[in-house]
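> sequence and predicted model, in that order:
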Amino acid sequence: MKMIVDVPGGFLDRIKELVQIGHYSSIEEFLELAIMNQIKLEADTNIINNRILLSPFNQQTNIIHFDKKLQLKEKYDIEEIMAPEDDEIEGNLLWGQYNRLLPVKFVVRYLANYLNENKKLANLDEFSEEASEHARRFGLQLLDVDKTKKRIKGEKISTAFPIGNDPYKSKLRFKNHFVGYMDTSGKIIGAPAQLKFIKIINDGSKKIGLTKFGAEFAKILNPVLDENIENENPFSADEIEFYITHLKNNLINEYGAIIFLLNQIKNGITRPNELTEKVILYDDNITKSQADIMRGGLVSRMSELGLINSIRVGMRGISYELAPHGMTLINAHGNGGH
């Protein structure tokens, strides 16, 4: 059904501005979400499976954002595929540039919902473009929250989403790091594949699908995607438990590196440069610059998982301390590592 509605000029200009900067793909999408928001507000004030985000008209007012691309479904019917073998991926110690895990969660949830609708593997190029575009819109919303809450570097939940001033470059980085691709040798590159959450196959055209690990991770409720975009915790306790157990069972190098760094911090090695030196000892095949990147990625992911806390030292310095969950983890699993 088509309806003609008069929109006040000021509102229309603001809607067009939001579309132009990438918050919404079109005026139609904005209006569809606005209608869904109001229906949900009228029907139920206790929303479970819908995100809360800041109103674009008043950044102090929360509204319900019904996002069907990310919404956790009650039931999934997904054709899961086998996880990539170790020789099909980069290794099972994550590259340091994969410095956040929430974008991974975003991609596997987006892919789960995509596959749930299509009941088949997704064309990689089409999915990558659609997911990165949606990730940019969602990331810009996260950035608004970060700014409103005055989160500092290291605390921003929008980090690693494609929110840079150059949309093309930002989305390309997101595609490469957090969706993935197959290089000329046939290796699958990207954080989700390295975590064995997705697999890319080439049967004439490249396709992407979820493994059983990725499907399980996608189905766990997430505080930011499913409850409140203003949530301070990017992951739930259930997600963290699943992720750590998954590493222990399937990516022993990544798990070992986490246990190793937790023990270093417990033993008083708390500054970035000190930890970099220890990473070199953990893997003597890497250079100092490589170790610095690996250390940066590890501590960033560990902070995101609530295993360590960052502490400001002086004007620009930083050190780390164990969070309660990090202490519990090393107490449960021993020293692990060197």
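Noted; the coordinates are in hand. Numbers count the residues shown, from 1 in each chain.
> give me the mean pLDDT for stretch 75-94.
The average pLDDT for stretch 75-94 rounds to 91.
> first vs last residue of that stretch, how far apart are they?
31 Å (Cα to Cα, to the nearest Å).
> with stretch 76-90 instead?
Chord length of stretch 76-90, first to last residue, is 30 Å (Cα to Cα).
> my guess is residue 96 contacts residue 298. True?
Yes: with contact defined as Cβ atoms under 8 Å, residue 96 counts as touching residue 298 (7.3 Å). For the C-beta atoms, the positions are set from N, CA and C on the backbone; glycine is no exception.
> between these two, who's got more neighbours?
Between residue 96 and residue 298, residue 298 has the larger neighbour count (other Cβ atoms under 10 Å), namely 23 against 20.
> next one: that one from residue 281, what distance?
Distance of residue 298 to residue 281, computed by Cβ to Cβ, to the nearest Å: 14 Å.
> same question for residue 171.
37 Å.
> give me the neighbour count for residue 293.
18.
> looks to me like it is in a helix.
Yes: membership of residue 293 in a helix is supported by DSSP: H, G, I helix; E, B strand; the rest coil.
> ok, it - contacts?
95, 96, 97 (Cβ atoms under 8 Å, 6 or more residues apart in numbering).
> adding distance to residue 255 and secondary structure as columns, could you present those in TSV?
Converted to TSV, those look like this (distance: Cβ to Cβ, whole Å; DSSP: H, G, I helix; E, B strand; the rest coil):
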residue	distance to residue 255	secondary structure
95	16	coil
96	16	coil
97	20	coil
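> ok, residue 122 - contacts?
By Cβ under 8 Å, 6+ apart, the contact set of residue 122 is 111, 114, 115, 207, 208, 209.
> host element of the fourth one?
Think residue 207. strand 206-210 (DSSP states H and E).
> tell me the secondary structure at residue 321.
Strictly by three-state DSSP, residue 321 counts as strand.
> quick check: what element follows the longest helix seen in the chain along the chain?
Among the elements of type helix in the chain, defined by DSSP state H, the one spanning the most residues is helix 124-148. Counting by DSSP H and E, the element after helix 124-148 in chain order, helix or strand, is helix 167-174.
> what is that following helix packed up against?
Packing partners of helix 167-174 (3 or more Cβ pairs under 8 Å, 6 or more residues apart in numbering; DSSP states H and E): helix 124-148.
> quick one: the helix it packs on to helix 167-174, angle?
Calculated by axes from the mean of the first three to the mean of the last three Cα atoms, to 10 degrees, helix 124-148 forms an angle of 110 degrees with helix 167-174.
> and helix 124-148, how far out from the chain's middle?
10 Å (Cα atoms, centre = their mean, to the nearest Å).
> same deal with stretch 137-157?
For stretch 137-157, the distance to the chain centre is 13 Å (Cα atoms, centre = their mean).
> could you do stretch 276-290 as well?
26 Å.
> other residues contacting that stretch?
By Cβ under 8 Å, 6+ apart, the surrounding residues in contact with stretch 276-290 are 93, 96, 257, 260-261, 264, 269, 291-292, 294-295, 298, 337-338.
> and it, average pLDDT?
Mean pLDDT, computed over stretch 276-290, is 86.
> what angle separates the longest helix of the chain from strand 206-210?
Using the same axes, to 10 degrees, helix 124-148 lies at 50 degrees relative to strand 206-210.
> look up the pLDDT of residue 237 for me, please.
At residue 237, pLDDT is 96.
> format the contacts of residue 293 as a markdown table; extra columns: distance to residue 217.
Compiled in a markdown table, the contacts of residue 293 are given as follows (distance: Cβ to Cβ, whole Å):
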| residue | distance to residue 217 |
| --- | --- |
| 95 | 19 |
| 96 | 21 |
| 97 | 21 |
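> which of the residues you listed lies closest to residue 121?
Of all the contacts of residue 293, residue 95 has the smallest distance to residue 121: 25.1 Å, by Cβ to Cβ.
> show me the residues around residue 156 that make contact.
By Cβ under 8 Å, 6+ apart, the neighbours of residue 156 are 142, 143, 146.
> top of the residues you listed by neighbour count?
Neighbour counts for the contacts of residue 156 (other Cβ under 10 Å) peak at residue 142, which has 24 neighbours.
> that residue and residue 321, how far apart?
Counting by Cβ to Cβ - residue 142 and residue 321 are separated by 26 Å.
> count of neighbours near residue 176?
Residue 176 sits with 16 neighbouring residues when counted by other Cβ under 10 Å.
> before we move on, what about residue 127?
Neighbourhood size, residue 127 [other Cβ under 10 Å]: 23.
> distance check, it against residue 322.
Counting by Cβ to Cβ, the gap from residue 127 to residue 322 is 39 Å.
> ok, now residue 136?
Counting by Cβ to Cβ - residue 136 and residue 322 are separated by 35 Å.
> returning to what we had before: common neighbours of residue 96 and residue 298, please.
Residues touching both residue 96 and residue 298 (Cβ under 8 Å, 6+ apart): none.
> can you select the buried ones among the contacts of stretch 276-290 for me in ChimeraX?
Only the buried entries of those go into this ChimeraX selection, using 16 or more other Cβ atoms under 10 Å:
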select :93,96,257,260,261,264,269,291,292,294,295,298,337
